[in-house]
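A.B. asks: Give me a 3D structure for the following:
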Amino acid sequence: MVEHVVAYRGICLSEAMEVVGNQKYLAAEERKFRNDIEIKAVFGAGVYLVSDYTVAAEYAYCHAEANSDKGSVIRQSLCLQNPLLLDGCFGEKEIRGLALAWKYPNGVMDEEAEEIASIGLSRWAGNIIREYVTKLGYDGIVYHIDDTLTYYIAYKPDEQISAVQLDFVYDIRDIGSCTFTDLRNRYHAHMEETSVQE
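C.D. replies: Numbering: from 1, shown residues only. So this is what the prediction gives:
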């Protein structure tokens, strides 16, 4: 089943300009921010995108705050040729259980404890999930959370992501007085006004 969608990712503006200029993502998904906030790649290395620009804008806030920058939401076309489909009935916990049972049919070996301690349980399990999912022939994951939100994980982003562009940029100081939808509408109106003046 081919999944072709428009999806979003939230990052800081300086990184977004690099991504748009290069038409590809260079930085890893996992990040640590202030106040012990972390973004974890629970399904292993790949580019993580969302269906909802407001959720992407929340991620962008963390990136912008950590880098003293503006928040930005990037819109791109995503084409997964054979994604693994997850949902509320069969999700992260279930695929992790299958992946660990596949990798360690006799249980986790003691020698793995050192690797787990050095890279963290989430990253360790994520690496195994990615290995398992790709071994089954899937090129990514579509995780349908509910009718308003789907996460997409692209394991071959250079082949799967195209038409990367800024959807909107915002100053994080404006969050208290505006919704992300307001900020997006304001950005789009400004861009239209600017293009008319040129």
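
A.B. asks: in the longest helix along the chain, what's buried?
C.D. replies: In the chain, with assignment by DSSP state H, the single longest helix is helix 180-197. Residues 180, 183, 184, 187 are the ones in helix 180-197 that count as buried (16 or more other Cβ atoms under 10 Å). For glycine as for every other residue, the C-beta is placed from the backbone atoms N, C-alpha and C.

A.B. asks: Could you list the low-confidence segments of this protein?
C.D. replies: The chain contains residues with pLDDT under 70 at 27-39, 108-111, 113-114, 117-119, 196-198.

A.B. asks: how about a cut-off of 50?
C.D. replies: 31, 33 (pLDDT under 50).

A.B. asks: ok, what's across the strand from the residue minimising distance to the centre of it?
C.D. replies: For the chain, the residue nearest the mean C-alpha position is residue 48 (2.2 Å; Cα atoms, centre = their mean). Following DSSP bridges, residue 48 is listed with bridge partners residue 153.

A.B. asks: Phi, psi for the nearest residue to residue 186 once chain neighbours are set aside please.
C.D. replies: Spatially, and ignoring its direct neighbours in sequence, residue 186 is nearest to residue 178 (7.4 Å; Cβ to Cβ, 6 or more residues apart in numbering). Dihedral angles of residue 178 (phi, psi; degrees, to the nearest 10) stand at phi -140, psi 150.

A.B. asks: Verify the stated contact: residue 178 with residue 187.
C.D. replies: No: at 10.7 Å, residue 178 and residue 187 do not qualify as touching, with contact defined as Cβ atoms under 8 Å.

A.B. asks: the strands in the chain, which residues?
C.D. replies: 3-12, 31-32, 38-39, 47-50, 71-80, 83-86, 140-146, 149-154, 161-170 (DSSP state E).

A.B. asks: ok, residues contacting the longest helix of the chain?
C.D. replies: 53, 54, 57, 58, 73, 167, 168, 169, 170, 174, 178 (Cβ atoms under 8 Å, 6 or more residues apart in numbering).
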